[in-house]
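>>> Curious how this folds, go ahead:
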Amino acid sequence: LMEGILKQLYQGVMDGDVEVAQAKTQEGLDGGTGPDVILNDVLIPAMDEVGRRFESGEFFVPDLMFTARAMQAGLAILKPKLIEEDIQPIGKVLIGTVKGDLHDIGKNLVAMMLEGAGFEIQDIGVDVPPEKFVEALRGFALHQLHDHVAAACAEEGPGDAAALERLRLGVGVLVSRCGR
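Numbers count the residues shown, from 1 in each chain. As a prediction, the model looks like this:
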């Protein structure tokens with residue numbers, strides 16, 4: 001019975017069905033399946049498959065968004081249980097878009113995918129000047145204990161990337177230049 005519920009959850013995520021993802025996540029928890037099992041054995045593998053299908057051209061950006069929303073719906077139910085059971089994220093990610101970039105679709109999609117993969121996300125928003133990004137990254141690096149990645153979408157050009165690249169503070173820095 002439980003295996004069937006977890007398969008339905010997996011399929012609900014693959015179909016981008018928020019209601020199914022919520023219902024089956026709750027049914028799984030109610031049936032005694034641990035939140036870590038639901039996360040690691042169902043939600044993460046579903047998003048891995050979504051990524052594979054995107055890479056192969058079977059899925060497109062809208063598919064990613066629908067599946068990520070369904071995964072987020074299940075994750076929202078799991079989060080309190082994960083905290084309750086003191087299950088730690090695999091890492092932490094600081095994410096935002098730099099000054100001049102008012103678009104957050106890509107950033108939000110990346111954040112959802114990373115959260116679904118087990119990372120804790122700190123989103124500093126859109127249109128963030130480089131100095132504020134650096135300040136947030138400094139605070140993030142000084143107050144965290146795990147491995148980290150900071151992600152930015154650089155629209156202003158090499159100056160943004162250079163400002164972030166100079167800031168090492170023991171964290172990995174990923175700067176992605178987004179197309180207009």
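>>> contacts for stretch 119-128?
Stretch 119-128 is touched from outside by 89-104, 107, 111, 114-115, 132-133, 136, 140, 152, with contacts defined as Cβ atoms under 8 Å, 6 or more residues apart in numbering. (C-beta placed from N, C-alpha, C; glycine too.)
>>> Only whichever of the residues you listed are buried, select them in ChimeraX.
Buried residues among the contacts of stretch 119-128 (16 or more other Cβ atoms under 10 Å), as a ChimeraX selection:
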select :91,92,93,94,95,96,97,98,99,100,101,104,107,111,114,115,133,136,140,152
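>>> So for the longest strand anywhere in the chain, mean pLDDT?
The longest strand of the chain (DSSP state E) is strand 119-128. Over the span of strand 119-128, the pLDDT mean works out to 83.
>>> Output the helix or strand following it as PDB, nothing but the C-alphas.
Secondary structure here is assigned by DSSP states H and E; on that basis, the next helix or strand after strand 119-128 toward the C-terminus is helix 130-142. The C-alpha atoms that make up helix 130-142 are tabulated as PDB, following Å, rounded to 0.1, in the frame of the first residue of the first chain:
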ATOM      1  CA  PRO A 130      26.800  43.900  -6.200                       C
ATOM      2  CA  GLU A 131      27.900  45.500  -2.900                       C
ATOM      3  CA  LYS A 132      24.700  44.200  -1.200                       C
ATOM      4  CA  PHE A 133      25.200  40.800  -2.700                       C
ATOM      5  CA  VAL A 134      28.800  40.800  -1.400                       C
ATOM      6  CA  GLU A 135      27.500  41.900   2.000                       C
ATOM      7  CA  ALA A 136      24.900  39.200   2.100                       C
ATOM      8  CA  LEU A 137      27.500  36.600   1.000                       C
ATOM      9  CA  ARG A 138      29.900  37.800   3.700                       C
ATOM     10  CA  GLY A 139      27.200  37.400   6.400                       C
ATOM     11  CA  PHE A 140      26.100  34.100   4.900                       C
ATOM     12  CA  ALA A 141      29.700  32.800   4.900                       C
ATOM     13  CA  LEU A 142      30.500  33.900   8.400                       C
END
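>>> other SSEs contacting helix 130-142?
Contact analysis of helix 130-142 by 3 or more Cβ pairs under 8 Å, 6 or more residues apart in numbering; DSSP states H and E lists strand 91-98, strand 119-128, strand 148-154, helix 158-166 as its packing neighbours.
>>> Give me the distance from that helix to the chain's centre.
How far helix 130-142 lies from its chain's middle: 20 Å, per Cα atoms, centre = their mean, to the nearest Å.
>>> where does this protein have low pLDDT?
101-103, 140-180 (pLDDT under 70).
>>> list the helices and strands the longest helix anywhere in it packs on?
Once the chain is assigned using DSSP state H, the helix that runs over the most residues is helix 61-84. Using 3+ Cβ pairs under 8 Å, 6+ apart as the contact criterion, the secondary-structure elements in contact with helix 61-84 are helix 2-15, helix 18-30, helix 35-38, helix 44-55, helix 105-116.
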